[in-house]
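Trainee: how does the following fold in three dimensions:
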Amino acid sequence: MRKNVAWGLGGLAVAAAAMAYLFIGVDLAPHQEYVEEAVVVEDTLPAPPSAYGIPLSGFRVERGKVAPGSTFSTLLAPLGLGASAVDSLVKLAKPVFDITRMRAGHPMAFIHPEDTTLPPAYFVYESDMVNHVVFDLRPPYSVRMEKRPVHTEEHSLSVEVTGALWNDLVDAGANPALAVELSRVFAWTVDFYRIQKGDRFTMVYRQQTVDGEPYGEPLLLGVRYEGAKTQEAFLYGAPGNGGGYYDGEGKSLKKAFLAAPVKYSRISSGFSLRRFHPVQKRMKAHLGTDYAAPYGTPIQAVGDGVVIKAGYTAGNGKYVKIRHNSTYETQYLHMRKILVKQGQVVTQGQTIGEVGSTGLATGPHVCYRFWKNGRQVDPRKEVMPSADPLKPSELAAFGTVRDKLLARMDAATADARSMRVANF
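Mentor: Numbering: from 1, shown residues only. Below you'll find the model as predicted:
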């Protein structure tokens, strides 16, 4: 029997602390007081033929990052520019860039003539990997926005799960953000809390790059997950414009209900007709599924519906109950905070509350309950209704897309397995 492993999305050992605030809204960083720092110049390098859209023959470049507390004026003051020059640059920048949007930690550069008797020529602020603002510091002054070229690449990759998928992707040289995309694509069909060591994800994806570095989120084109059973997903059509993910037969992967009400968590107690209650210290039915997660983790509605209850009881703590249609209802217990009101219409994936431990709870978690035709059931054992499949007229074109992706995934899997054999 294979043992369960803590997969990357639930227990990302390295990335979880760094990404906790982004994904679950909990700030794990220690309290720090602000201390003003000087501008840090990281290096002075011989100028390449061009950079930032500037021919750099006869110039030298000093690169650094904007220090906390720095302003446009304080950055330029050491260069000998007077207040009137700074004011002129601010006014010239208005149609191009709002200088109050400069942020600490962003890259910047000073470009000086090699003749040290001459004043500085340019100041460059990088607002992101693509966009940078070039301030020409020579009268009559000018400000313009430049862009680095963005390239689009397609890759195929096959990764065996060894413990944390995030780390497995990094070790394979891929963008670890693929882990998040996999959870999104398979949100309705794969139970990510049961992924095991030895399972395999094979994918074809599209990634934008800038200067060889990943830019933006990767786009999964085709995915195959080999675990307890094989699941496949193929992108057909443009995302956000009627496109979506379908299985090999053209059936939509999107279901009426998400697999779980929280991301990046673990199941601490499953649906059971007989369980020892940790607070009441007696055996009783547990007609729900407990997902343990840190305080403040967003709880999302698993499907579209209407909030029929949002309140508090001694046992449930703060809770929300949603009616999805005449057949299905769901309930979310022990919230720290309720973010919806009774009678409110909610959509699938909408945040309705935050994980807490109110009511009869020993720690932070959400008890997720699921009703079908008025009877509480285990949602993980239910066959959920799917969205509409592709139209018969679209199946031939879809089949062409699917077959090309399958061929690339088969080749990636074969390469990965042959490399593993070679390494042994």
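Trainee: going forward, measure contacts between C-alpha atoms and count neighbours the same way
Mentor: Will do.
Trainee: please enumerate the helices of this protein.
Mentor: 8-11, 15-24, 72-76, 83-93, 165-171, 178-185, 395-423 (DSSP state H).
Trainee: redo those as JSON lines? Include distance to P139.
Mentor: Listed next are those as JSON lines, based on distance: least, CA to CA, whole Å:
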{"stretch": "helix 8-11", "distance to P139": "54"}
{"stretch": "helix 15-24", "distance to P139": "43"}
{"stretch": "helix 72-76", "distance to P139": "15"}
{"stretch": "helix 83-93", "distance to P139": "9"}
{"stretch": "helix 165-171", "distance to P139": "48"}
{"stretch": "helix 178-185", "distance to P139": "48"}
{"stretch": "helix 395-423", "distance to P139": "56"}
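Trainee: where in the stretch 251-400 of the chain is pLDDT low?
Mentor: 264-266, 268-286 (pLDDT under 70).
Trainee: which residues of it fall in strands?
Mentor: 266-269, 272-276, 283-286, 289-292, 298-300, 305-313, 317-323, 328-338, 345-346, 351-355, 365-372, 375-376 (DSSP state E, counting those that start in this stretch).
Trainee: in JSON lines, list the ones you listed along with distance to D211 and mean neighbour count.
Mentor: As requested, the strands of the stretch 251-400 of the chain are exported to JSON lines (distance: least, CA to CA, whole Å; neighbours: other CA atoms under 10 Å):
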{"stretch": "strand 266-269", "distance to D211": "38", "mean neighbour count": "16"}
{"stretch": "strand 272-276", "distance to D211": "53", "mean neighbour count": "13"}
{"stretch": "strand 283-286", "distance to D211": "54", "mean neighbour count": "14"}
{"stretch": "strand 289-292", "distance to D211": "41", "mean neighbour count": "22"}
{"stretch": "strand 298-300", "distance to D211": "35", "mean neighbour count": "24"}
{"stretch": "strand 305-313", "distance to D211": "45", "mean neighbour count": "18"}
{"stretch": "strand 317-323", "distance to D211": "48", "mean neighbour count": "23"}
{"stretch": "strand 328-338", "distance to D211": "44", "mean neighbour count": "24"}
{"stretch": "strand 345-346", "distance to D211": "42", "mean neighbour count": "18"}
{"stretch": "strand 351-355", "distance to D211": "37", "mean neighbour count": "25"}
{"stretch": "strand 365-372", "distance to D211": "43", "mean neighbour count": "24"}
{"stretch": "strand 375-376", "distance to D211": "54", "mean neighbour count": "14"}
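Trainee: returning to that earlier point: relative to K251, which of the helices of the chain is closest?
Mentor: K251 lies closest, by CA to CA, to one member of the helices of the chain: helix 395-423, at 10.1 Å.
Trainee: quickly list what V366 is bridged to.
Mentor: When bridges are called by DSSP bridges, V366 pairs up with Y291.
Trainee: need the strands of the stretch 251-400 of the chain in a markdown table with distance to V124, can you?
Mentor: Converted to a markdown table, these look like this (distance: least, CA to CA, whole Å):
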| stretch | distance to V124 |
| --- | --- |
| strand 266-269 | 46 |
| strand 272-276 | 62 |
| strand 283-286 | 61 |
| strand 289-292 | 46 |
| strand 298-300 | 39 |
| strand 305-313 | 50 |
| strand 317-323 | 51 |
| strand 328-338 | 44 |
| strand 345-346 | 45 |
| strand 351-355 | 40 |
| strand 365-372 | 47 |
| strand 375-376 | 61 |
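Trainee: wait, which of those is closest to L165?
Mentor: Nearest of the strands of the stretch 251-400 of the chain (CA to CA): strand 266-269, 15.1 Å.
Trainee: okay, now the domains of this protein?
Mentor: If you go by automatic domain parsing, the domain ranges for the chain are 1-27+150-254+388-424, 47-147, 266-381.
Trainee: quick one: distance of the shortest one to the chain centre.
Mentor: Averaging C-alpha positions (CA atoms, centre = their mean, to the nearest Å) puts domain 47-147 32 Å from its chain's average.
Trainee: same check, this time on the longest one
Mentor: Using CA atoms, centre = their mean, the mean C-alpha position of domain 1-27+150-254+388-424 is found 13 Å from that of the whole chain.
Trainee: begin at 882 from now on, thanks
Mentor: With 882 as the first residue, the last one maps to domain 882-908+1031-1135+1269-1305.
Trainee: and the pLDDT at the closest residue to R1081 other than its chain neighbours?
Mentor: In space, and not counting its chain neighbours, R1081 is closest to E1041: 4.3 Å by CA to CA, 6 or more residues apart in numbering. Per-residue pLDDT puts E1041 at 92.
Trainee: what residues are up against E1041?
Mentor: Counting by CA atoms under 8 Å, 6 or more residues apart in numbering, E1041 touches 1049, 1078-1082.
Trainee: show the buried residues in those.
Mentor: With burial judged by 16 or more other CA atoms under 10 Å, the buried subset of those is 1049, 1078, 1080-1082.
Trainee: next step: those restricted to strands.
Mentor: Using DSSP state E, the subset of these located in strands is 1081-1082.
Trainee: pick the one among the buried ones among the contacts of E1041 closest to L957.
Mentor: Using CA to CA, the buried ones among the contacts of E1041 come closest to L957 at D1049, 44.6 Å.
Trainee: measure that closest one to A1058 for me?
Mentor: Distance of D1049 to A1058, given as CA to CA, to the nearest Å: 12 Å.
Trainee: the nearest residue to M1010 once chain neighbours are set aside pairs with what?
Mentor: Closest residue in space to M1010, ignoring its immediate chain neighbours: V1091 at 7.0 Å, by CA to CA, 6+ apart. Beta-bridge pairing for V1091 (DSSP bridges): E1094.
Trainee: let me know how buried V1091 is, in neighbour terms.
Mentor: By the criterion of other CA atoms under 10 Å, V1091 has 15 neighbours.
Trainee: I'd say it and E1034 touch.
Mentor: No - counting by CA atoms under 8 Å, V1091 does not reach E1034; the two are 10.8 Å apart.
Trainee: give me the common contacts of these two.
Mentor: Counting by CA under 8 Å, 6+ apart, nothing touches both V1091 and E1034.
Trainee: against S1008, how distant is T981?
Mentor: Distance of T981 to S1008, given as CA to CA: 12 Å.
Trainee: whoops, I mixed them up, S954
Mentor: Applying CA to CA to S954 and S1008 gives a distance of 17 Å.
Trainee: separation between the residue nearest to R1081 and D1080?
Mentor: 6 Å.
Trainee: could you do D1049 as well?
Mentor: For D1049, the distance to D1080 - CA to CA - is 12 Å.
Trainee: between these two, which contacts overlap?
Mentor: Contacts common to D1049 and D1080, judged by CA under 8 Å, 6+ apart, are 1041-1042.
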